[in-house]
Every structure is written in C-alpha cells, then in structure tokens.
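*Asks:* Return a 3D structure for these sequence lines:
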Amino acid sequence: MHDSRTSADVTFHPSATSVVRFGRFTFDRVNHILSGDDGEIALPPRVLAVLDLLIERSGSVVGKPTIMASVWKDACVGDTSLTEAVSLLRQALADDPKNPEYIQTVHRRGYRFVAPVEVVSGGAALREITAERSLASEGLVERRKRVIRNGIGSALAVAALTAAIVVPAALLRGRPDAAPSPGAAIRLDVSYPQGVFHPYSGASVLALSPAGDVLVFVGRSEDGVTRLYRRRISDFDCRPIPGTEDAGSPFFSPDGVWVAFFAEGELRKTPVGGGPVVPICPSNFGFGGTWTDDGVIVFCPGYPGGLSRVSSDGGEVTKLTWLLQSSSEIGHWWPHSLPGGRAVLFTIWSSALSTARIAVLDLATGQVRPLIENGSYPRYSPTGEIFYLTPGGVTSVSFDPDDLEVTGVTREMVDQPRSVPFTGVAHFDVADTGTIAYVPTTGEPRDYDLIRIGLDGGAESIGLESQIYRNLRVSPRGDSVAVTILRGSRSDVWTTSVADPQLHRLTFEGFNIEPRWSPDGQSVFFASNREGPFNIYRKPAGGGTAERLMTSTFHQYPGDLTPDGRRLVYNQTNPDTGFDIWIMNLDGSGNPSPLLSTPANESMPALSPDGRWMAYLSDETGMAEVYLRRVSGEGGVWQISKGGGGEHFWSADGTRLYFGHKGRLASVSVALDPELEVGPTTDFVWPGNLTVVDALPNGREFIAIRELYQRPRIDAVRVVVNQD
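*Replies:* Numbers count the residues shown, from 1 in each chain. Next up, the predicted model:
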C-alpha cells in the first residue's frame, strides 16, 4: 500500500492552475488533456472528470456520492459506472490497486489521490509538451486520423490509445495480412445493468462489432426475461435493445450497423442503435450465424442440419452443406466468416466436444475442408490465428486465410472464456481489430441440487452434494432417481435412493445422457456415444454389463417404455427429417418402425400410464410445443401448450400432463376415456431456478434439479485489447 504520508497535502481551487504534473504524467485540467511519456492518452470525458476531481482534492478522501454527483450529475447510473471509470483510469496510469502509486481505494468510503502533485504553469506549457512528445510524428497523427475516419475511434481507440496503441485502418475487414500494433494488453470489465446477469445458455451470448467499439450481449433479468443489451465501450451505460426478448446467438453486420439474432423460431435483425426488428427467415435453431461482406448470412436453420445461406434482406434459403451420415454428423454449427467473405469456418458436430471438428467452407466452390480435430466454435483473429474451444479450454492456432490452411502450432489463450461443452460454444468474440470480448470463468459455479418439492412450492434438498446435474428420472415406484452428472468433459448416469441418498455410478465409458427406467425399476436405459454415434443401451440398475440395443449410424435417444416393458419408444435423427419418433420390440422380434417422421422435429415421447397415448414435442410451427396423440395414430392430434413448451411428463394416475412453459412448470388435467378431454393450463408458482422436474407416484410431490448460486453471479463482460 502506498504510504499516504508522502502524498500531496495541497488542495487546488479549480481556477488556481490548469496544468499539474504527478509521476511521469501531466494533466491539463482546463482542457482535460492527460499526457504521459509517449504523448496524449485518450480517455472518456467522465474518466478525466474523475481524475480532475481527485486531483482537486489531492490527499483527501473523496466519497463515492460526491464523485457521482459531480461527474454524472443527473445521469441515472449505478456505482459500477464509477468503478469502471476508476479501473480505466488506473489502467491508463499503470496503477496497481493493491499497491497504488496514484489512486487509493478507501474501503466503503471512496478514493484518494495519493501521489505528490506539482503545479507546472499555464495550459500552453502542456500543449508544448504534448506536441513534442506525441504529435511530432506525422505518421502517428495520420494513423490516428485514419482510425477515426474508419469508425474504429470511439471505443476501441479510447482503450487502445490509453496504452499508446494506435489501431491502423488496415485491420478493417478485407485486410487479413494486417495485425494489431504491439503494445501492452488492456483489460477492462463491461458491466451489465443493475439486476441483469449472464444467462447459462447453450447458444452464444455476445457479439463484438467489427470495429471493436460496440458490445451486444444477452442478459437475464431477475424476473427471468432474457434480451439483448447494447454497450458502446466508450460509454458507461448499457441499454436494452427493444424487441429482442428471448434472443440468442447475436452477430453483427460487417459495417456494425445491424445486429442479427435468433428468437421465437426466426432469424431476425435490428439496428444496433435502435429501430424496428425485421424478420429475415424462419429458423428453429439458433446455433450461430455470420454476416458476410456481400450481404449474405450463413447459418444453421435446423437440428439436425447443415449450413444454409440467405440474403440479409430475407428471401429464399439455400443449402450450403450436407451432413455425412457415415460420420454420424448431427449439425454444422457456429459459422464465422473469414476476411473478404470468401470462406466460412464452422464446427462439425457429432456427439460431444471431444469428437467435434472444425472445417472451412469455400463459398465460391462449395468445397469443405477439415482443419482441426477435437475443436469447436472457431473465430478468426487478424493476428493470423483461429481461436477455438477444445475439451481443455480455448486455444489458438496459426492460420493462412488465403490458402485456407493451418500453418502453426497451438497455444493456450491466456484469458479463458466461459464455455458449454454440451453444445461446443465458448462465450467470446474477436473484432476485426484483434480486440477480444468474453464472459469470464470467474463468478458462480453452475452447481445444482436435487430437491423434493411439493405442490405448494415448499422444497428441501434430498441430501446430496451440489454438482452439475442435468437429466432426471424418478423410478416407477418413486424410491430411486436416475440422473446424469457432468464432470469436466464427461457425462455419466448415476442412481440414488430417495430415502437414503447416496450416489452410485452406473456408466464408465463414453458420454452418457437421458436415463429412463424400465417399468419394473430393474433396468436403466440411456444413450451413449462410447462406440461412435449416440445409441441406446440397457443396464441393470444395480450394476453389471451394458447391452447395446441396436447398432446404427443415426443418433438415438430413449424416450419411454410401454407399461409391459416389451417395447421402447425412442428418438432417432435423420439428416432429411430431423428428429423422428420410432418404436422397437425389446425381445429382438420384428424391425423398428417410425411412429412420427415429418420434416418437423418430433422429440421427447412420453407415454401415458396405460400406454395408449403419447405426449411429444414438435416444432412444426417454428416453435417447440407439446402435443398429444394416440400411439396408434388414430383420432388426430391435440396441441397442449401455447407459446412454447418444454420437457413433459405424466402423473402416475394419468390424469395430469405436466410440461415446461416459459421457464415455469405448467399442467393440464387430462381425461382419456371415453373421449379425450383436456382442461385449462395451470402454472405452478414455483421458483424460477428449477431446470428438470419429475413426479413422485404419490401425486403430491416432485423431484427437481435446482440451480444454485454459491458466489456472485456473472454481471460483466471482459474486453481485452492487445491479447497477450
């Protein structure tokens, strides 16, 4: 800690002098010009106003309310704006907050300027110093003008010039041979609005404008609503973008004017600065898009599915890539346009991050070339690298965008973004300037608890340690639970008794998901990729040898079993028809046959206790909804949910059907005989942090997975200029 006894004890009246010197810096207080050894340091006006106030009261503690009232006046901002301003100022001064040379934090009170301050003279002296140190080089002046002319100036120039970094115009899109100017890395946190946090999402959640000056991110408010927020990095305030509720996977137009996103079964766009939301085309899948220089958007419109293209103004959607069934491909995700719009990087997804591959699509020839094994979410940087996600974290490799070839060895990224291994997304983006924005891994661990919850919402833990629980199924008798637990890059099936909760691991190979109980509770069915694609296995609940029920290059996932335990209803993927619902005899007789196979995705079949009715999800309207029909297919189809539906299950007596609805649990009463009668939808007034729920046979209680927040939630995006 700096010794405050050596700090200045002089308080300046605002009109007493215009130029002061402290350490190796000079500050013109009238014109708000800060200079260092390398010349003028550009900072936002309010940051310089904070510096001016602290210098004015040098040696004294200046309270936070005083600073806020003086600098922000009537602006409606929180303490985070002041924290960011001080952080940016410290970076400009290379001041260590733990051992401050200039600005000392006084806990719970405010800040104190602790460096000796020397009065220089009038403002002219500083202008001479500035000219001598920083403006003598015409090349430097011209480059700075070029930065501003090309639209990079506002935010990135603020951050870059803080460390005397000048970003040349050659870094704009279309100049892959250029690289950012060398300089010290600058790291700053861009805070979310108060009460808004990072949502845990399998889709991407942020986008950085090509010029690196505007950040758009998905935020979740306390009431559970997600929407897009915009933050110009040179400003202190974030603003919600109207009409972007439930948006995901945002990405910018090349000129930074528009942001595109996925919401409610559509690909949409809206002006970054505000304006109408414009539909582009239907898309029931939001795993990434990219906007090329010639006005084309490349995206994956369905699951499973390859890449397609559409004009940014809308119109016909044209397929670009096709899945290879021989390789068990299930999707081409996370596209990213290379400079000039000639080619697109993307992820080939099969079953897990460990089997994902990165490829490049030549848009002129249609040729797909594999580039990187065991990787996902590629992002090209003008430093000549591809940053991408691996099972061990984000790394980079040298890449030649002209020859479309990997040219160097990999290196680990210094600052690790948060990632989601289930979908291969890493929450970061790279601007054309080389600036990187990412969601940090600091903050809350995404841990979950298994709880017992009643109809009234009263809940208690069943007594297991918190972990990343994902799938959940209660046994038919209600005495046991099967769950999947994610640990690192592994996912395994575990079982536990409800009365005596102790976890017992059931799977030991591959990536294992979606457990289902046999009607007698003696076996557990699950999907595993241990031998390639996801196929269905059966294993005794008490342990033993797992039996692979069929061998297929199509991915398959268990859905439900008939009450007699003789037949299994399951999901199977197909590159042409997406998710279909099939049925098979478990005694090996006959051939599996489709129950539902349409161009829409039909998934998550759940049979009524009598085995005659099937509830399932379909996205035929562009949005996933819960439907009900007879297993035999006779008598038509009933839509149960309206405005979106999710995971669903029956009560033990078959009189109610429960389903996810807008982040909550809902249910309808169901009378199956003599004719189907469905009652009105009832929403449960339960906490919004429940992820998966299943019913106990008593009809009064449920077992649920509850999301926990053990540390402060993530409420900031980190921005790095000149990544180390």
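*Asks:* Now do the helices in the stretch 501-650 of the chain.
*Replies:* Taking DSSP state H, counting those that start in this stretch, the stretch 501-650 of the chain contains no helices at all.
*Asks:* before we move on, what about the stretch 101-250 of the chain?
*Replies:* 123-134, 138-149, 158-162.
*Asks:* Give the rounded mean pLDDT of the second one.
*Replies:* By that I understand helix 138-149. Averaging pLDDT along helix 138-149 gives 33.
*Asks:* show me where pLDDT drops low in the stretch 301-450 of the chain?
*Replies:* By pLDDT under 70, the weakly predicted segments of the stretch 301-450 of the chain are 414, 442-446.
*Asks:* can we see that at 80?
*Replies:* Low-confidence segments of the stretch 301-450 of the chain, defined by pLDDT under 80: 325-327, 412-415, 441-446.
*Asks:* Which positions in stretch 585-605 come out as buried?
*Replies:* The neighbour-count check on stretch 585-605 (16 or more other C-beta atoms under 10 Å) flags L586, P592, L595, L596, S597, A600, N601, E602, S603, M604, P605 as buried. In short, each C-beta sits where N, CA and C put it, glycine included.
*Asks:* What's the mean pLDDT across it?
*Replies:* For stretch 585-605, mean pLDDT is 92.
*Asks:* Relative to the whole chain's centre, how far out is it?
*Replies:* 33 Å (C-alpha atoms, centre = their mean, to the nearest Å).
*Asks:* For stretch 218-229, measure first residue to last.
*Replies:* By C-alpha to C-alpha, to the nearest Å, the extent of stretch 218-229 from end to end equals 6 Å.
*Asks:* what is the mean pLDDT for it?
*Replies:* Mean predicted confidence for stretch 218-229 is 86.
*Asks:* residues touching the closest residue to V277 other than its chain neighbours, list them.
*Replies:* Nearest residue to V277, sequence neighbours excluded (C-beta to C-beta, 6 or more residues apart in numbering): G243, at 3.9 Å. Neighbour list for G243: T270, P276, V277 [criterion: C-beta atoms under 8 Å, 6 or more residues apart in numbering].
*Asks:* Kindly report the same for D447.
*Replies:* S466, Q467, I468, L708, Q710.
*Asks:* Ok, T553 next?
*Replies:* T553 sits next to Q325, S326, S328, G532, P533 when contact means C-beta under 8 Å, 6+ apart.
*Asks:* As a markdown table, the contacts of G243 with secondary structure would be great.
*Replies:* Output for the contacts of G243, formatted as a markdown table (DSSP: H, G, I helix; E, B strand; the rest coil):
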| residue | secondary structure |
| --- | --- |
| T270 | strand |
| P276 | coil |
| V277 | coil |
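*Asks:* so can I have a markdown table of these showing neighbour count?
*Replies:* What follows is those, written out as a markdown table (neighbours: other C-beta atoms under 10 Å):
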| residue | neighbour count |
| --- | --- |
| T270 | 23 |
| P276 | 9 |
| V277 | 16 |
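*Asks:* hmm, which two among the contacts of T553 are most spread apart?
*Replies:* Within the contacts of T553, Q325 and G532 form the most distant pair, 11.7 Å apart (C-beta to C-beta).
*Asks:* Could you give me the buried positions within stretch 207-225?
*Replies:* Within stretch 207-225, the residues scored as buried using 16+ other C-beta under 10 Å are 207-221.
*Asks:* And the contacts of the top helix by length along the chain?
*Replies:* In the chain, taking DSSP state H as the definition, the longest helix is helix 79-93. With contact meaning C-beta under 8 Å, 6+ apart, helix 79-93 is reached by 23, 25, 34, 41, 43-44, 46-47, 50-51, 64, 67-68, 71-72, 95-97, 100-103, 105, 111, 159, 162-163, 186-191, 194, 236-237.
*Asks:* Of these, keep whichever come out buried.
*Replies:* 25, 34, 41, 43-44, 46-47, 50-51, 64, 67-68, 71-72, 95, 100, 102-103, 105, 111, 159, 162-163, 186-191, 236-237.
*Asks:* Let's see which of the residues you listed end up in strands.
*Replies:* With DSSP state E as the criterion, strands contain F25, L34, I41, I103, T105, Y111, I186, R187, L188, D189, V190, S191 from among these.
*Asks:* Just to check, the second one is in contact with R24?
*Replies:* Going back to what we said before, that points to L34. No. Using C-beta atoms under 8 Å, L34 is not in contact with R24; the gap is 11.4 Å.
*Asks:* OK, contacts around T407?
*Replies:* Shown in contact with T407 (C-beta under 8 Å, 6+ apart): S398, F399, D400.
*Asks:* give me the number of residues near the second one?
*Replies:* So the one you mean is F399. By other C-beta atoms under 10 Å, 25 other residues sit near F399.
*Asks:* re the thing from before, quick check, nearest of the buried residues of stretch 207-225 to V719?
*Replies:* Using C-beta to C-beta, these come closest to V719 at L215, 7.1 Å.
*Asks:* what about P563, neighbour count?
*Replies:* With other C-beta under 10 Å as criterion, P563 counts 15.
*Asks:* residue contacts, it?
*Replies:* P519, L607, P609, D610, G611.
*Asks:* which ones among those residues are found in strands?
*Replies:* L607.
*Asks:* Next, give me the two most distant ones among the contacts of P563.
*Replies:* For those, the farthest-apart pair by C-beta to C-beta is P519 and D610; their separation is 12.1 Å.
*Asks:* Neighbour count: the two, which is higher?
*Replies:* With neighbours defined as other C-beta under 10 Å, P519 and D610 compare such that P519 has more, 17 against 12.
*Asks:* distance of the more buried one from R548?
*Replies:* 21 Å (C-beta to C-beta, to the nearest Å).
*Asks:* Considering the contacts of D447, which possesses the most neighbours?
*Replies:* Busiest of these [other C-beta under 10 Å] is Q467, holding 19 neighbours.
*Asks:* and that one, backbone torsions?
*Replies:* Dihedral pair for Q467: phi -150, psi -170, per degrees, to the nearest 10.
*Asks:* now it, nearest residue through space, not along the chain?
*Replies:* Nearest non-adjacent residue to Q467, counting by C-beta to C-beta, 6+ apart: I485, 5.2 Å away.
*Asks:* for that neighbour, what are its contacts?
*Replies:* Q467, I468, Y469, R470, S491, D492, W494, L503.
*Asks:* how does it look with 6 Å?
*Replies:* For I485, the contacting residues are Q467, Y469, W494, by C-beta atoms under 6 Å, 6 or more residues apart in numbering.
*Asks:* Also L320?
*Replies:* L320 neighbours (C-beta under 6 Å, 6+ apart): L307, S308, R309.
*Asks:* Now with 8 Å, please.
*Replies:* V298, G306, L307, S308, R309, L361, L363, G366 are the contacts of L320 under C-beta under 8 Å, 6+ apart.
*Asks:* What separation do you get for it and T682?
*Replies:* L320 is 45 Å from T682, by C-beta to C-beta.
*Asks:* what's the first-to-last distance across stretch 681-699?
*Replies:* Start-to-end, stretch 681-699 (C-alpha to C-alpha) is 17 Å.
*Asks:* can you give me the strands for the stretch 501-650 of the chain?
*Replies:* For the stretch 501-650 of the chain, applying DSSP state E, counting those that start in this stretch gives strands covering 504-505, 512-517, 523-528, 535-540, 547-548, 556-561, 567-574, 578-585, 593-596, 602-607, 613-618, 625-630, 637-639, 648-650.
*Asks:* Kindly reformat those strands as TSV containing distance to G393.
*Replies:* Shown next, in TSV, are these (distance: least, C-beta to C-beta, whole Å):
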stretch	distance to G393
strand 504-505	26
strand 512-517	22
strand 523-528	25
strand 535-540	29
strand 547-548	32
strand 556-561	28
strand 567-574	29
strand 578-585	31
strand 593-596	40
strand 602-607	31
strand 613-618	33
strand 625-630	38
strand 637-639	43
strand 648-650	36
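*Asks:* Show residues contacting stretch 685-695.
*Replies:* Taking C-beta under 8 Å, 6+ apart as the rule, stretch 685-695 contacts 223-224, 448, 453, 457, 459, 469-474, 481, 647, 649-652, 658, 663-665, 701-708.
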